[in-house]
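Colleague: predicted structure and sequence below. I'll ask about it afterward.
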2 protein chains.
Amino acid sequence: MAVDRDQVLRSAAGLLTRRATATMDEVARAAGISRATLHRHFAGRDALVRALESLGIAECEAALDAARPHDGPAAEALRRLVREIEPVAGLLAFLYTENQLFEGEQQNEGWARLDARLTALFRRGQESGEFRIDLTPAWLTEALYGLLASGAWAVTEGRVARNDFTHMIVELLLGGALRRE
Amino acid sequence: MAVDRDQVLRSAAGLLTRRATATMDEVARAAGISRATLHRHFAGRDALVRALESLGIAECEAALDAARPHDGPAAEALRRLVREIEPVAGLLAFLYTENQLFEGEQQNEGWARLDARLTALFRRGQESGEFRIDLTPAWLTEALYGLLASGAWAVTEGRVARNDFTHMIVELLLGGALRRE
DNA sequence: TCCGGATGAGACAAGAGTGTCTCATTCGGG
DNA sequence: CCCGAATGAGACACTCTTGTCTCATCCGGA
């Protein structure tokens, strides 16, 4: 009857995405297991969050792979990326705020890898002349994270339709609010 | 020797902006007072956060007033707004994530007021033909919050220069990443 | 059927924060 | 100088959560 660790992890991701302060007990109940069993899979809350971090990073990297960031116009690659990353946005939002707590402690090097790949995508767009150069790749990366988190929350709170998620984020990030002539 | 409550509040804002999980004891020390005195001013942590919420809302509204959101082009008004709101961005970022915790409980109606005013600004921009209409005012408002929070964190972590804060946010929000022809 | 691993339920201690209280001290105004 | 209000320091109980442990039960495979 061995509990599927990955399934527990995804259940935890779903709950913590909605309520970042959920208890280990609540996480366990959400997964349909007991707190004892949860502890048998994850040494503690910290380990659970770390596992979620690894999961989130892995899924983001998978999304990045699927988006083929080196193919075609950078804008199209970004569009594909956001579409691919949408299912992870909630988890990403959770980790994004949770990361504020990991002050200085050992950061998962996956974030650096992810940052580097995203930054590279934006830089490619700049070098190809698609993107403007007065917004640094680092800021565009940061802004992407922020917009993904905002978008995820806006969707869960009903302020934005789930179907519009990708469009809203990509259009704002690429084109901004100003109307084109 | 009556402690200046407002000064304590601002000190707490500064600390909690950096470390959202700071204890009441740390908040007190940061303000240069004892925990007992802190408790004499704010009934508890919850009351403190509520007070910070009110402070943040008040400062945002003051920034909104100072930005004269009804004057001139909406884009210029938005530019003025971000410039005015910059000093509050850190506090706003703290409250933005803290708000995730106030699930369903009584929300400070100030947020609704603020949302309404921001939404109105974006709507005005749409109606004047400045802003595109496929991005809803609600989403633009949400995105503004998100970018302000991202910007504040990016600055505190040194990924973006403080002087670029306003430019990065406004330019991205208005013009997007795509290079204009 | 029997056995062993996995699970659930619950008890338990420990730690962190919090809220409250007391008491001595200090500061400032009258 | 004196008094009262404000403060600081610390003790204390309480709550919440966590991490650990035990024991009974359950389930599937041999």
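Modeller: Thanks, I have the structure now.

Colleague: can you list contacts of stretch A:36-48?
Modeller: Here stretch A:36-48 makes contact (C-beta atoms under 8 Å, 6 or more residues apart in numbering or on different chains) with A:3, A:5, A:8, A:12, A:24, A:27-28, A:31, A:51. Every residue, glycine included, has its C-beta placed from N, CA and C.

Colleague: repeat that with 6 Å
Modeller: Contacts of stretch A:36-48 with the rest of the structure, by C-beta atoms under 6 Å, 6 or more residues apart in numbering or on different chains, involve A:5, A:8, A:24, A:28.

Colleague: flag every buried residue along stretch A:160-173.
Modeller: Under the neighbour-count criterion of 16 or more other C-beta atoms under 10 Å in any protein chain shown, stretch A:160-173 has A:160, A:164-173 buried.

Colleague: which among these are in contact with chain B?
Modeller: Near chain B, judged by C-beta under 6 Å from any C-beta of the partner chain, the entries from the buried residues of stretch A:160-173 are A:160, A:168, A:172-173.

Colleague: if any of the contacts of stretch A:36-48 are buried, put those into a ChimeraX selection.
Modeller: In ChimeraX, a selection of the buried entries from the contacts of stretch A:36-48 looks like this (16+ other C-beta under 10 Å):
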select /A:8,28
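
Colleague: next step: the contacts of stretch A:36-48 restricted to helices.
Modeller: Within those, residues falling in helices by DSSP state H are A:5, A:8, A:24, A:28.

Colleague: residues contacting the third one?
Modeller: It stands for residue A:24. A:35, A:45.

Colleague: ok, it to residue A:48 distance?
Modeller: As judged by C-beta to C-beta, to the nearest Å, residue A:24 and residue A:48 stand 8 Å apart.

Colleague: how about the residues of chain A that lie near chain B?
Modeller: By C-beta under 6 Å from any C-beta, the residues of chain A that approach chain B are A:20, A:97, A:131-132, A:135, A:138-140, A:142-143, A:146-147, A:150, A:154, A:159-160, A:168, A:172-179.

Colleague: what subset of those residues is buried?
Modeller: By 16+ other C-beta under 10 Å, the residues of chain A next to chain B give A:20, A:97, A:131-132, A:135, A:138-140, A:142-143, A:146-147, A:150, A:154, A:159-160, A:168, A:172-178 as buried.

Colleague: so which of those residues are in helices?
Modeller: Per DSSP H, these map to helices at A:97, A:138-140, A:142-143, A:146-147, A:150, A:154, A:168, A:172-175.

Colleague: what residues does the residue nearest to the spatial centre of chain A make contact with?
Modeller: Chain A has residue A:92 as the residue nearest its centroid, 2.9 Å off, counting by C-alpha atoms, centre = their mean. With contact taken as C-beta under 6 Å, 6+ apart, residue A:92 is in contact with A:56, A:148.

Colleague: secondary structure element for it?
Modeller: helix A:89-98 (DSSP states H and E).

Colleague: and that helix, how far from the chain's centre?
Modeller: With C-alpha atoms, centre = their mean, to the nearest Å as the basis, helix A:89-98 stands 6 Å off its chain's centre.

Colleague: now do the phi/psi pair for the residue in chain A positioned nearest to DNA strand D.
Modeller: Nearest residue of chain A to DNA strand D: residue A:44, at 2.6 Å (C-beta to the nearest atom of the strand). The phi/psi pair for residue A:44 (degrees, to the nearest 10) reads phi -170, psi -180.

Colleague: just give me the neighbour total for it.
Modeller: Counted with other C-beta atoms under 10 Å in any protein chain shown, the neighbours of residue A:44 add up to 11.

Colleague: okay, and the beta partners of residue A:178?
Modeller: Counting by DSSP bridges, residue A:178 forms beta bridges with residue B:131.

Colleague: spatially nearest residue to residue A:49, not counting backbone neighbours?
Modeller: residue A:98 (6.2 Å; C-beta to C-beta, 6 or more residues apart in numbering or on different chains).

Colleague: look up how far residue A:53 lies from the one you found.
Modeller: Counting by C-beta to C-beta, the separation of residue A:98 from residue A:53 is 8 Å.

Colleague: neighbour-wise, which of these two wins?
Modeller: Higher neighbour count among residue A:98 and residue A:53: residue A:53, with 20 against 16, using other C-beta under 10 Å.
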